[in-house]
Structures are given as C-alpha cells and as structure tokens.
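Visitor: this one's sequence-less:
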C-alpha cells in the first residue's frame, strides 16, 4: 500500500482505498440505507476523490470513484458525483485544513436532526474532548446551494454538524478521522437518547469539568469543537455560571427546568417511534 506524500496528502491509491473502506463501514453500521451518503478525500490542494451517485456505499469498487477539482469539474471517472458534493466543496473552500468529508444518515443523530435538537450537552468526557458540541444547521433543500450555505458558519469552529431533517456531516484532516468523528457523533446522540429519553435521568458535567476537558483537548491539538453547555446552562444556551456568563440563579433554574422537560419529552417520543418501527 502506498504511503502519504510529503505534502500531507494521501496518494490516489490510498485515498480511494480509504473511501472504499469507509463506505463498507458506513453500510455495515447502518449509517446509510440504499444509495445514501457520500465521502470525499483530497489528494492535492485542487483535486479530490469522491463517491458516485446512485451506488450503495457498501458495494463500491475502485473504478466507480470520481476524481474532480475543487470547482466541481469531473477530471476522471465514468460515474457522476453526487449533487451533495457541493456541500463537501464548500467545506474545503471554507477551511483549507480539511482534507476529508463524510456525510451519512446515522439513525440516532438523524433523529436529533429531525427533532431540531443540536448535540450540545456536556454528558460524555470523550465527546467533549474529541468532537465537542455538534450544532444543527438549518433546513436546506438537498442538492442546492442552500445546503453549503447552511453549514458554512460551522466549518472553521466545529468538527461536524447535524443537517436539519437530513443527517450528519463530519470533516477532518484525513479520511479515517472524519469517519471516526461521524461514529462519535452517532454514539453521542445514542447515549443522549438513552439517558434523556429512556432512563430519564442524566448527570451533566459542571462548567469547571468542561473547562478542564477543553484545556486538555487544546493541548492535544484539537482547536475546534466549540464548548458543550454545562449543566448550569439553559437549553437556549444562556449561561448561569462564571464560564458561561452570569444570570440570576432563579431565572436560570426555571429556564433549565422547562428546557430539560421539553427535551426529555421530545426525545422520549422519538425513542418510542424508533422502537415501534424496529418491532414492525
């Protein structure tokens, strides 16, 4: 197997092998159905390999992949790229440090996207340190410029986002890290769904705990991810502690209580629907 070049990009062969492997993992983990999802990986400042449209990500072959430039012009390949490549190209344009993008429809994360809920509560130390908060991009018509416009605000500050009523998107400096971030997003969503919706109880991290995790995350070289809300913050993100901004305690507690009750109600309903669908 070929190695990465000195310019920090994988070779054509390596990029294509990573895309095929990620596609198989994506399909095996039920992160996509039918021909859903797409993957891309840059091999230079101006070119990238991507998945074709109309093909299951679990059954792709080397010759199906498409080489295109960052303007969207196909350079090599017999298949057409997905119209959702516009979303990938926008990520690369906004943040030149990104070299790979993964888009999928993992069930738990997509349920949050459908419910209109971001993944922004500090419940998992691994999530705080690895991916941070996952914001929700507003609804956009698939295949249009609305989609890249909706994700653009998050590309330089976060490691992924939910797409309202659509799915999830993750990006990174290499393809496997982008894929692992997608896995982490789904795990974050699943644990949040279990604790909030099924168990009905969750012990969120404090501001001090979140701050210390972010300090360690920064030391480890991860400078993006935003700051998940500690347990003293309201669902609207209004701070109630020194790290998040002062607010009268009574007011904060009232907003927090209403927000949590509403979130638990919404997530419980989602879980019930998912369980009912599985039984069918």
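Guide: Cool, the structure landed. Worth saying up front: this structure is predicted, and the values here are computed from it rather than measured.

Visitor: What are the phi and psi values at the closest residue to residue 99 other than its chain neighbours?
Guide: Excluding its sequence neighbours, the residue lying closest to residue 99 (Cβ to Cβ, 6 or more residues apart in numbering) is residue 42, at 4.6 Å. For glycine as for every other residue, the C-beta is placed from the backbone atoms N, C-alpha and C. Main-chain torsions, residue 42, degrees, to the nearest 10: phi -80, psi 140.

Visitor: how near is residue 42 to residue 58?
Guide: Using Cβ to Cβ, to the nearest Å, we find residue 42 at a distance of 23 Å from residue 58.

Visitor: still on that earlier bit, if I pick the residue nearest to residue 99, what's in contact with it?
Guide: Neighbour list for residue 42: 9, 15, 48, 92, 98-100 [criterion: Cβ atoms under 8 Å, 6 or more residues apart in numbering].

Visitor: Weed out the non-buried ones from those residues.
Guide: 9, 15, 48, 92, 98-100 (16 or more other Cβ atoms under 10 Å).

Visitor: could you dump the residues you listed to CSV with secondary structure and distance to residue 142?
Guide: As requested, the buried ones among the contacts of residue 42 are exported to CSV (DSSP: H, G, I helix; E, B strand; the rest coil; distance: Cβ to Cβ, whole Å):
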residue, secondary structure, distance to residue 142
9, coil, 29
15, helix, 25
48, strand, 20
92, helix, 19
98, coil, 21
99, coil, 24
100, strand, 21
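
Visitor: Take those residues and write them to TSV, including distance to residue 112 and pLDDT.
Guide: Formatted as TSV, the buried ones among the contacts of residue 42 follow (distance: Cβ to Cβ, whole Å; pLDDT from 0 to 100):
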residue	distance to residue 112	pLDDT
9	33	96
15	30	98
48	29	98
92	26	98
98	23	98
99	27	98
100	23	98
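
Visitor: And the pLDDT at the residue nearest to residue 99?
Guide: The confidence metric pLDDT takes the value 98 at residue 42.

Visitor: who does it bridge with?
Guide: residue 48 (DSSP bridges).

Visitor: And the strands in the stretch 1-150 of the chain, which stretches?
Guide: Listed in chain order, the strands of the stretch 1-150 of the chain (DSSP state E, counting those that start in this stretch) span 38-42, 47-50, 66-69, 74-76, 100-104, 136-137.

Visitor: which one of those strands is the most hemmed in?
Guide: Mean neighbours per residue, mean count of other Cβ atoms under 10 Å, is largest over those for strand 100-104, with a mean of 30.

Visitor: that older thread, do you know how far the residue nearest to residue 99 is from residue 154?
Guide: Taking Cβ to Cβ, one finds residue 42 at 19 Å from residue 154.

Visitor: where does this protein dip in pLDDT?
Guide: Along the chain, segments meeting pLDDT under 70 span 1-6, 234-268, 270-280.

Visitor: which residues of it fall in helices?
Guide: 12-28, 85-94, 107-115, 125-130, 146-151, 175-192, 207-219, 249-279 (DSSP state H).

Visitor: May I see the buried residues of the fifth one?
Guide: Of the residues in helix 146-151, 147-148, 150-151 count as buried by neighbour count, 16+ other Cβ under 10 Å.

Visitor: now the second one
Guide: Along helix 85-94, these residues count as buried under the neighbour rule (16+ other Cβ under 10 Å): 85-92, 94.

Visitor: before we move on, what about the fourth one?
Guide: In terms of neighbour count (16+ other Cβ under 10 Å), helix 125-130 has its buried residues at 127-130.

Visitor: Any idea what residue 171 is bridged to?
Guide: Under the criterion used (DSSP bridges), residue 171 bridges to residue 101.

Visitor: any idea which of the buried residues of helix 125-130 is the one closest to residue 197?
Guide: Ranked by distance to residue 197 (Cβ to Cβ), these are led by residue 127 at 17.2 Å.

Visitor: show me the contacts for that closest one.
Guide: 119, 184, 187-188, 228.

Visitor: Distance of it relative to residue 149?
Guide: With Cβ to Cβ as the criterion, residue 127 and residue 149 are 27 Å apart.

Visitor: cool, residue 105 as well?
Guide: Residue 105 is 21 Å from residue 149, by Cβ to Cβ.
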